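Engineer: have a look at this prediction, sequence included:
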Number of protein chains: 2
Amino acid sequence: MLHTPNHDYRILDAQGAADYLAAHPALAAHLGGTPGEWTCRDVADGNLNSVFLIDGPQGGLCVKQSLPYVRVFGEGWPMDINRARFEHAYASRVAPHVGTLAPRIHHFDETQFITVMEKLEPHIILRNAMLAGRRLPRAVADVAEYAARTAFHTSDLAVPFERKFADAGVFSGNLALQRITVDLVFTDPYVESGRNRVLSPHLDAWAASLREDSALKAAVARHRLAYLSKAQSVLHGDLHTGSVMVTPDDTRIIDGEFALLGPTGFDTGTFIAHYVMAWFARSAHEGSSQENASFRAALADDIVEFWNVFATRFIHLWQEWDGENDGTPRTHFTSGTDRQALDAFRRSYVDEILADTVAFMGVEIIRRIIGFAQLADFTTIADEPARARAMAGALSFARTVLLNPGRFRDVATLVGALLEHERADAGDPQATGNV
Amino acid sequence: MLHTPNHDYRILDAQGAADYLAAHPALAAHLGGTPGEWTCRDVADGNLNSVFLIDGPQGGLCVKQSLPYVRVFGEGWPMDINRARFEHAYASRVAPHVGTLAPRIHHFDETQFITVMEKLEPHIILRNAMLAGRRLPRAVADVAEYAARTAFHTSDLAVPFERKFADAGVFSGNLALQRITVDLVFTDPYVESGRNRVLSPHLDAWAASLREDSALKAAVARHRLAYLSKAQSVLHGDLHTGSVMVTPDDTRIIDGEFALLGPTGFDTGTFIAHYVMAWFARSAHEGSSQENASFRAALADDIVEFWNVFATRFIHLWQEWDGENDGTPRTHFTSGTDRQALDAFRRSYVDEILADTVAFMGVEIIRRIIGFAQLADFTTIADEPARARAMAGALSFARTVLLNPGRFRDVATLVGALLEHERADAGDPQATGNV
Ligand SMILES: Nc1ncnc2c1ncn2[C@@H]1O[C@H](COP(=O)(O)OP(=O)(O)OP(=O)(O)O)[C@@H](O)[C@H]1O
Ligand SMILES: Nc1ncnc2c1ncn2[C@@H]1O[C@H](COP(=O)(O)OP(=O)(O)OP(=O)(O)O)[C@@H](O)[C@H]1O
């Protein structure tokens, strides 16, 4: 499965990235001046790829390159370099629909696995803003808008099926990164795996109880199957607060290398999961309890706003759509009663997205706490017992939503349940009950 | 979308088919003797492709070729010739799992779009056997076995997702034939279309009432979306009694050119639909009413047997499976309670296939009566008012199951409802009520 890069492939360093731009006049023109006047920074803070920012007198660009291995680990962990192609395929697929909610892509190089895109500055990663206790007024509504537009416009509601089947053909090739999701998200947290990173000994009992929870594993199987077989729309596949760059008045979604054709609720559920985890983590963060309480209230409001904007916009896009589609052909819905039936169908369709959202949210929370890829929201809590309590609250919440799907049919109920899990017992998963 | 065949492509006639085999020693060896001793018959009775049977002293072969147009219509109706590739891809995909339930494929020619396969003789088409009032003791259980094996072994329950995504990559290319299904099955019957063939004037009111039934169209939209986006298993895509060849002790499924990755219940629903239509048609056929009544009772039993064998075999294959899969990884289900939870999950999975089966059955019935592709079961009823009554019964039944999905949760209830629709009023779709 590992792609051996071609003969001409070269791994860039910061200077190499500048040289690369210098060799492409159209790109160099964005920067202005001469290469000697350019500055270049390595800003990779993700796990997988190289990222450089190059500035010239007239502007800047961002150069992202994928490597045949996992960057933070090195050559000992090979990783299909074609992930760059899928990230580019995803960015191209959604670009016509997302306006300025994603960075503009200027150039893609199939040989060097390089994407050159708009440099985002002074944007910062949304997670970092949230960790610093900053509220970004637009972020939530903007990501909801992005999720609604990408979900709608790549679905059978907005395209002839031939277009969607073409997307299926493309994204069904993104095997290496889907394997990561299937293993790290849906499998490892429920077994003993060397990749798991349980906060030991505090959460050992929790980890064991998840492994032994047969009903939970059956619920996870249901949603793993949905992940693999519910081909509703082209998904980002990793839409968490680390894939969003923000300023107070601008929001951009980056890093779509996990793209797949899958269930719409996977993106929305992933995003909400990170707000939920920020909420639980917050209780253990420094700062006055007053400050923390109001920040958490704001996070809870954010979750409600995110879902409401998503649902409203998705339905609105659908109602306004007058292009061809094979899902609900216009010729079938012409009379007044037809349109009423279609509106009811739309609501049930979005209700089903919410059900999926809630479930995928639960799965994402569990994997971020038990599994390999941990979050700064928690790891920055130095006091381990306090960290464990925050994590246990999130686990208890996640388990409850997965085991009781019928109970969370609207976002207010979902958010209302956060507080019930606040006092989960880190040492005794059964005590927290509530399932 | 129309594929222009390559330069070397030649349309075969019967003699050409024999010459083709003569030019391939491995194939000629099946027939034995010299080409001069061979006989050749054109047996195409389907709509799309050429089919020849060639016999020699030692055996026979079947030669099927696709044309760049619809055979029965001629060049005025172009049709992507690549359908032969998808039929071959499907046959190859399921061959390891279906044993002798499909003809053996000896040869596929990508340039000539020719498949050379085992000649089936004295097999006849199952529909013709049923029309002649013959019961084939094995057919139903064999087709159920075939449906269970193909559904299970191509699903996430039996393969790593990489394998299923590879299938998605292949079958997402089968656009021309999916377009036929989307248009003829899911769209045309609910609008005024030049392709529809309503038995006028008898069923005009019925056709109008389907066009005006907003709730029905919403139900159809739900299942059209499932057809396009529920990527559960590799489907035959056209599994009706015309795609099955039988003797009293042998059953073969042919003609998988409509193959797609889709909802498992589509194949099973299509198959049952044709038994339901045979049931309704039977009342108007010649023969003693005693004979007809017992034949219909047998058809009703067949439906029950088909579903029960399918469900039992599907679950059994799943329980026995010890290969890798990503749907329900073995490592998740090890303890006694795990296995209980998994068993409950299996039952709910099969219940969902039944719900889909019932709905797709309804859609298939409607399209066969209102739409382009009519069935001999009905067209052989010379007395038009009687034909209309039989058709109205089937339409009434189909509409009821689509509008009341919760009511048909087991196959006995489904079959029990047949009689309630027997006396549907051909002239007054509302009178038959029952919805
Ligand atoms: N267009 C851009 N403009 C400015 N900075 C960017 C841009 N794209 C990425 N970055 C910076 O580079 C970092 C890494 O980018 P990105 O998340 O796309 O890389 P990655 O290696 O694929 O990450 P991951 O391991 O999360 O998949 C981001 O966190 C951000 O700080
Ligand atoms: N392997 C075989 N052995 C003997 N006869 C066969 C075989 N395959 C097909 N036939 C005969 O040829 C006829 C047409 O075959 P088939 O249904 O595969 O063609 P088609 O043109 O694709 O049909 P359709 O229009 O239904 O798609 C069958 O009805 C059957 O009588």
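Structural biologist: The structure has been received and is ready for your questions. Ligands and ions are numbered 1, 2, ... in the order given.
Engineer: ok, whichever residue of chain A sits closest to ligand 1 - how many residues close by?
Structural biologist: Residue nearest to ligand 1 within chain A: residue A:46 (2.0 Å; CB to the nearest ligand atom). Every C-beta, even on glycine, is put in place using the N, C-alpha and C of the backbone. If you count neighbours by other CB atoms under 10 Å in any protein chain shown, residue A:46 ends up with 17.
Engineer: can you give me the domain boundaries for chain A?
Structural biologist: As assigned by automatic domain parsing, chain A contains the domains A:14-118, A:124-425.
Engineer: so which of those domains comes closest to ligand 2?
Structural biologist: In terms of CB to the nearest ligand atom, the element of the domains of chain A nearest to ligand 2 is domain A:124-425, at 20.2 Å.
Engineer: and the closest one, how far apart are its ends?
Structural biologist: With CA to CA, to the nearest Å as the measure, domain A:124-425 spans 35 Å from end to end.
Engineer: from the chain's centre, how far out does the helix or strand where residue A:398 lies sit?
Structural biologist: For residue A:398, the host element (DSSP states H and E) is helix A:384-403. Here helix A:384-403 shows a centroid-to-chain-centroid distance of 20 Å under the convention CA atoms, centre = their mean, to the nearest Å.
Engineer: helices or strands up against that helix?
Structural biologist: Secondary-structure packing of helix A:384-403 (3 or more CB pairs under 8 Å, 6 or more residues apart in numbering or on different chains; DSSP states H and E): helix A:204-211, helix A:214-229, helix A:264-282, helix A:336-370, helix A:376-379.
Engineer: nearest to residue B:107, of the ones you listed?
Structural biologist: Residue B:107 lies closest, by CB to CB, to one member of the helices and strands packed on helix A:384-403: helix A:214-229, at 33.4 Å.
Engineer: hmm, that closest one in reach of chain B?
Structural biologist: Yes: interface with chain B: helix A:214-229 contributes A:214-215, A:217-218, A:220-222, A:224-225, A:228-229 (CB under 8 Å from any CB of the partner chain).
Engineer: then that helix to CSV, C-alphas only?
Structural biologist: This file holds the C-alpha atoms of helix A:214-229, laid out as CSV (Å, rounded to 0.1, in the frame of the first residue of the first chain):
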residue,chain,number,x,y,z
SER,A,214,-20.8,-5.4,24.9
ALA,A,215,-23.7,-3.1,24.1
LEU,A,216,-21.3,-0.2,23.6
LYS,A,217,-19.3,-2.2,21.1
ALA,A,218,-22.4,-3.2,19.2
ALA,A,219,-23.4,0.4,19.0
VAL,A,220,-19.9,1.3,17.8
ALA,A,221,-20.1,-1.5,15.2
ARG,A,222,-23.4,0.0,13.9
HIS,A,223,-21.6,3.3,13.4
ARG,A,224,-18.4,1.9,12.0
LEU,A,225,-20.6,0.2,9.4
ALA,A,226,-22.3,3.5,8.7
TYR,A,227,-18.9,5.1,8.4
LEU,A,228,-17.8,2.5,5.8
SER,A,229,-21.1,2.2,3.9
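Engineer: excluding its backbone neighbours, what's nearest the residue of chain A closest to ligand 1?
Structural biologist: residue A:255 (7.0 Å; CB to CB, 6 or more residues apart in numbering or on different chains).
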